[in-house]
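K.L.:
With the sequence up front, the predicted model follows.
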Amino acid sequence: ANDGPVHVTRDGGKTWTNVTPRDLPPGGRVQNLDPSPHKAGKAYVAVYRYLLGDWQPYIYRTADYGRTWTRLTSGRNGIPGDSPTRVVREDPDREGLLYAGTEFGLFVSLDDGATWRPFQQNLPATPVTDIKVHRKDLVLSTMGRSFWILDDVTPLHEWTPQLATHLFTPRDAYRMRYDDGRGRPGDPVYPTPAALIHYQLAQEPAGGGPVTLEILDAAGGAIRAFPAAPKGRGLHRFAWDLRYSGAWDKDSTRAGRGGPMVAPGTYQVRVTAGSWSETRKFRVLVDPRVERDGVTQADLEAQVALHLKVRDALSEARRGAERIRGAKDEAAKRRLAGVESAL
């Protein structure tokens, strides 16, 4: 309730039991209560009391319908003692993965609230008023600083403090075409259509060697390779644009761009750094709107096959034109050399 008490009903609202945490000072605002998506009887509650002059964070967890509660914010386990808490949510895909919104930003816990880490990234210092995990994206509302979305939190589903060099399993990607809104200041920015690939390196490859990222089909056939993937120590995100390499171009800055989009199906990513290499599978899914319009898998595969033929024909034409230019340049040099020798 708005002035402190927490009640629970287990008979559809016929009767209510006061289950307010015993050590919660009175008069605070119960801002959010989150039933666990993993276990019946488990829930979290976030309370703030700064309007009463108390700036402590109050997040509690129960596993027995509120008969007993554990406070998860001591002020010494990650969330500062002067950061009032507005919301706490448990990730629906990993039990004990918690997100907490405070008066000054965002925190995350991988151990069910025993410890917390700042999760601010590029988020402004602002009250985080609510949180929702939607299709494995983290969605935030803030006090006066817009809505924010952290795309793809699946690495947190696998991450542990003991994890060293590791390739995370990519989530499925949708084969879509749309304007991502980039380049227009003040407009929302949407994620570029892509498969997001995350890998973590315990250290940079010995001798500064390369980190290679390869996209493969379901049978292991090569689709595309990126030999200059990020290679520093830590977590890296790479966005594959769901495309084959584009047509050949003598200008290396344009070579390989704008290739055909792959058809929906199963694909693999392989990351190699020195002697370490790991491979993970993921799916590219059809745009549901395209499917509703009656476009079939066979249609898309035929489209890709045609686009690849066009790409290869364009590559051949460009190479041929470059050979002709080279031959003309060589002939001009010979003629010039002949004129000079005759003088």
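P.N.:
Thanks, I have it. Residues are numbered from 1 along each chain as shown.
K.L.:
for the protein, which spans come out with low pLDDT?
P.N.:
183, 343 (pLDDT under 70).
K.L.:
If we use 80, what do you get?
P.N.:
179-189, 207-208, 228-229, 252-256, 339-343 (pLDDT under 80).
K.L.:
By residue count, tell me the biggest strand in it.
P.N.:
Looking across the chain with DSSP state E, the single longest strand is strand 276-286.
K.L.:
Paired strands for it, with orientation please.
P.N.:
strand 173-175 (parallel), strand 265-273 (antiparallel) (DSSP bridges).
K.L.:
could I get those strands as TSV with mean neighbour count and distance to Thr129?
P.N.:
Placement of C-beta: from N, CA and C, glycine included. Below are those laid out as TSV (neighbours: other CB atoms under 10 Å; distance: least, CB to CB, whole Å):
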stretch	mean neighbour count	distance to Thr129
strand 173-175	19	29
strand 265-273	19	37
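K.L.:
the helices in the protein, which residues?
P.N.:
Using DSSP state H, the helices of the chain run over 154-158, 288-292, 297-342.
K.L.:
Just give me the neighbour total for the nearest residue to Ala114 once chain neighbours are set aside.
P.N.:
Leaving aside its sequence neighbours, Ala114 sits nearest to Asn77 (CB to CB, 6 or more residues apart in numbering; 6.8 Å). Number of residues near Asn77 (other CB atoms under 10 Å) recorded here: 15.
K.L.:
if I read this right, Asn77 contacts Asp112, doesn't it?
P.N.:
No - shown here, Asn77 and Asp112 do not form a contact pair, counting by CB atoms under 8 Å, at 11.8 Å.
K.L.:
Which one of the helices of the chain lies nearest to Lys281?
P.N.:
helix 154-158 (13.7 Å; CB to CB).
K.L.:
Against which helices or strands is the closest one packed?
P.N.:
strand 195-201 (3 or more CB pairs under 8 Å, 6 or more residues apart in numbering; DSSP states H and E).
K.L.:
Distance across stretch 246-259, terminal residue to terminal residue?
P.N.:
4 Å (CA to CA, to the nearest Å).
K.L.:
Not counting it itself, show me its contacts.
P.N.:
224, 243-245, 311-312, 314-315, 318-319, 322 (CB atoms under 8 Å, 6 or more residues apart in numbering).
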